[in-house]
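Student: Here is my input, please return the structure:
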Amino acid sequence: MTLGAEYHGTRLAEATGRAHAEGAKTMARSTVGTRGLVRTRGGFAGARDAVSDFMGRSPSRSAILVYAALVLLFTLLFSLPVASDAGTWTPLADSFFTAVSVICVTGLATVDMATQWSPFGHILVYVGVQIGAVGVLTLASILGLVISRRLGLRARLIAASDSNPLRVHHGPVAEGQAVRLGEIGSLLATVAISLIVIEVGIAILLYPRMLIDGIDGWTAAWQSFYYSAMAFTNTGFTPNELGLERFAGDYWFLSILMVGVLLGSLGFPVIYALRRHLLKPRRWSLHVKLTITTTVLLFVLGALVFIALEYDNPETFGTLNASDTVFQSLFLSAMTRSGGFATINISDLNGSSLLVADMLMFVGGGSASTAGGIKVTTLAVLFLAALAEAKGKPDMDAFGRRIPSDVVRVALSVVLWGATIVAVSTVVILQMTKAPLDHVLFDVISAFGTVGLSTGLTSELNDPAKYVMALTMLMGRVGTVTLAAAVAAMQTSQLFKRPEERPIVG
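Tutor: Got it, this is the predicted structure:
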């Protein structure tokens, strides 16, 4: 038996050796005959693996690179004569600013968006806001799901981190978060379906109203889809030269826009949860409950404050009756959260109202939504932390759930990062333009929160100030998410604790 085993082992080794030798010869012939092809395939595969590995290790940084690439691409396209209604080259500063505003779904503009662009330019705007609203990593995951009909673990992790930065936390992650990892495929399907269904639904509701208002059928058709996209993506561009002035008294039209903006600002994880458990609030996650509660509170409180501050302002609501004042205040409250549409001249608001609008724009909408800002859940977490500290409680909780301390650290980092961006940009633009502080601060926060409302300052900026404002938009769109992911990723476990000492705070 031993000899037989040795014999078979020897024969196996010989056969293996011959196979390796033949394989080496074949490889050598292949290398000599198709050296260029082998090298090309190897280089492509290596590059693909490197990109995949980089995205897997740092989805948030990958998002920044992809956003930057998209901005450069759309800058080139917007600058082409075919994109301009006049058939001329658009200046680089305006093309760059428009590209950033479109990709970051902001809505600010240095040119008249209705008259500057040709039909091709309007198509670029429409496509760009869809890409920016969904998010580049989420869009890539959706395309992968459509093509391959399945998601691998890495794709699920990338998509999950795009919807929740805390997913990159080292160590176990509580699956009671907004969406479980196993549900990422369903979430991506919800993103694609909700985007199509909601925008088509809004367009269908707007179309007959635009016909009633005297707009011809073709113009009403494409403008209804344009308005629906700008509402759900929280962008706020208008395709007609007078903006919403024509529809300022059309409460049906404005109500539909307001609903679209609010739906877009909730966030796709919330839409996903509502689709599954709309009539079962007990099954909503803590994220869903905090998002909806904070959104409703800010919406109502914002409207009440605007009523109190603007009811006697003849330039805004002072000439309106009570019901009109209430509606217009609700509309303004919704739009300052990230919508970007306006029925009044923002510069006519009282200084106190501008400051309240600054606060609402800085907060923005829900996480993983089409809105910007530091997000409503960030504000809710900080409020709950302050409330727990005031009560002397060691832990903070909400709706019967305890919120861990690492979430507070991320929230504080996001707020500090956002405040730093706003402060630096405001100082720089103030120095460049010498404009009033309240107007500069308003437009800078509008850029950071990707809101799109303006006091009129943005359209009067010089080229250097345009670039500063554009970078503010870009950092506001991807910066806070990146920082949140980076902070969560840097949290590592350690087996020791240093001596404790308490500095004086407050």
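Student: in this structure, which residue is closest to the centre?
Tutor: Nearest to the mean C-alpha position of the chain, by CA atoms, centre = their mean, lies Thr370 at 4.8 Å.
Student: what sits against that residue?
Tutor: 105, 133, 232-234, 264-265, 338 (CB atoms under 8 Å, 6 or more residues apart in numbering). Placement of C-beta: from N, CA and C, glycine included.
Student: and what of Asp94?
Tutor: Counting by CB under 8 Å, 6+ apart, the residues that Asp94 touches are 78, 110-111, 116, 466.
Student: Now it: which helix or strand?
Tutor: Secondary-structure element containing Asp94, defined by DSSP states H and E: helix 92-103.
Student: ditto for Ala388
Tutor: Here Ala388 is assigned to helix 376-391, by DSSP H and E.
Student: What average pLDDT does that helix get?
Tutor: Mean per-residue pLDDT for helix 376-391: 92.
Student: How about stretch 300-307?
Tutor: 96.
Student: Can you tell me what sits against that stretch?
Tutor: 317, 325-326, 329-330, 332-333, 336-337, 353, 356, 360.
Student: could you redo the last one with a cut-off of 10 Å?
Tutor: Stretch 300-307 is contacted from outside by 316-317, 322, 325-337, 349-350, 352-353, 356-357, 359-360, 363, using CB atoms under 10 Å, 6 or more residues apart in numbering.
Student: Next secondary structure element downstream of the helix holding Ala388?
Tutor: strand 396-398.
Student: Sheet partners, orientation included, of that following strand?
Tutor: strand 401-403 (antiparallel) (DSSP bridges).
Student: in the host helix or strand of Ala231, what's buried?
Tutor: Take DSSP H and E as the rule and Ala231 turns out to sit in helix 217-232. Within helix 217-232, the residues that qualify as buried are 220-221, 223-232, counting by 16 or more other CB atoms under 10 Å.
Student: any chance of the residues you listed in JSON lines, with pLDDT and distance to Thr420 too?
Tutor: Below are those laid out as JSON lines (pLDDT from 0 to 100; distance: CB to CB, whole Å):
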{"residue": "Ala220", "pLDDT": "93", "distance to Thr420": "45"}
{"residue": "Ala221", "pLDDT": "94", "distance to Thr420": "45"}
{"residue": "Gln223", "pLDDT": "94", "distance to Thr420": "39"}
{"residue": "Ser224", "pLDDT": "95", "distance to Thr420": "40"}
{"residue": "Phe225", "pLDDT": "95", "distance to Thr420": "38"}
{"residue": "Tyr226", "pLDDT": "95", "distance to Thr420": "35"}
{"residue": "Tyr227", "pLDDT": "95", "distance to Thr420": "35"}
{"residue": "Ser228", "pLDDT": "95", "distance to Thr420": "35"}
{"residue": "Ala229", "pLDDT": "94", "distance to Thr420": "32"}
{"residue": "Met230", "pLDDT": "95", "distance to Thr420": "30"}
{"residue": "Ala231", "pLDDT": "94", "distance to Thr420": "31"}
{"residue": "Phe232", "pLDDT": "92", "distance to Thr420": "30"}
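Student: Tell me which two of those sit farthest apart.
Tutor: Greatest spatial distance among the buried residues of helix 217-232 (CB to CB): Ala220 and Phe232, at 18.4 Å.
Student: Backbone dihedrals for Gly452, please?
Tutor: With angles defined as degrees, to the nearest 10, Gly452 sits at phi 100, psi -10.
Student: picking that back up, and the helix holding Asp94, what's buried?
Tutor: 93-103.
Student: same check, this time on stretch 313-321
Tutor: For stretch 313-321, by 16+ other CB under 10 Å, it's 316-317, 320.
Student: and it, C-alpha only, in CSV?
Tutor: Extracted as CSV, the C-alpha positions of stretch 313-321 are listed here (Å, rounded to 0.1, in the frame of the first residue of the first chain):
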residue,chain,number,x,y,z
ASN,A,313,-44.3,94.2,5.8
PRO,A,314,-46.0,95.8,2.8
GLU,A,315,-43.2,94.4,0.5
THR,A,316,-44.1,90.8,1.3
PHE,A,317,-47.2,89.7,3.2
GLY,A,318,-48.5,93.1,4.5
THR,A,319,-51.0,93.5,1.8
LEU,A,320,-52.4,90.0,2.0
ASN,A,321,-55.4,88.8,3.9
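Student: Need the residues that contact that stretch.
Tutor: 249, 306-307, 309-312, 324-329, 332, 343-350, 353.
Student: Next: stretch 384-398.
Tutor: 286, 289-290, 293, 380-383, 402-405, 407-408, 411-412.
Student: Only whichever of those residues are buried, select them in PyMOL.
Tutor: Applying 16+ other CB under 10 Å to these leaves a buried subset, and the PyMOL line that selects it is:
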select buried, resi 286+289+290+380+381+382+403+407+408+411
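Student: Looking at the contacts of stretch 384-398, which one is closest to Phe253?
Tutor: Looking across these and measuring by CB to CB, the closest to Phe253 is Thr293, at 28.7 Å.
Student: sorry, back to before: which among the contacts of stretch 313-321 count as buried?
Tutor: 306-307, 309-310, 325-329, 332, 343-344, 346, 349-350, 353.
Student: Mind checking which of those are in helices?
Tutor: Among those, DSSP state H puts 306-307, 309-310, 325-329, 332, 353 in helices.
Student: Can you give me the buried ones in stretch 464-478?
Tutor: For stretch 464-478, by 16+ other CB under 10 Å, it's 465-478.
Student: From those residues, which shows the smallest pLDDT?
Tutor: Among the buried residues of stretch 464-478, Val478 has the lowest pLDDT, at 78.
Student: Would you mind measuring from that residue to Val71?
Tutor: 11 Å (CB to CB, to the nearest Å).
Student: okay, and the common contacts of the two?
Tutor: The contact lists of Val478 and Val71 share 103-104, where a contact means CB under 10 Å, 6+ apart.
Student: What does the pLDDT read for the nearest residue in space to Arg283 that is not next to it in sequence?
Tutor: Setting aside the residues directly before and after it, Arg283 is nearest to His277 in space (CB to CB, 6 or more residues apart in numbering), at 4.3 Å. Per-residue pLDDT puts His277 at 83.
Student: Could you report the neighbour count for His277?
Tutor: Applying other CB atoms under 10 Å, we find 14 residues neighbouring His277.
Student: Now do the same contact list for it.
Tutor: 283-285, 288.
Student: in whichever strand or helix holds Val197, what's buried?
Tutor: According to DSSP H and E, Val197 maps onto helix 184-212. Buried residues in helix 184-212, counted by 16+ other CB under 10 Å: 184-185, 187-188, 190-192, 194-195, 198-199, 201-203, 205-207, 209-210.
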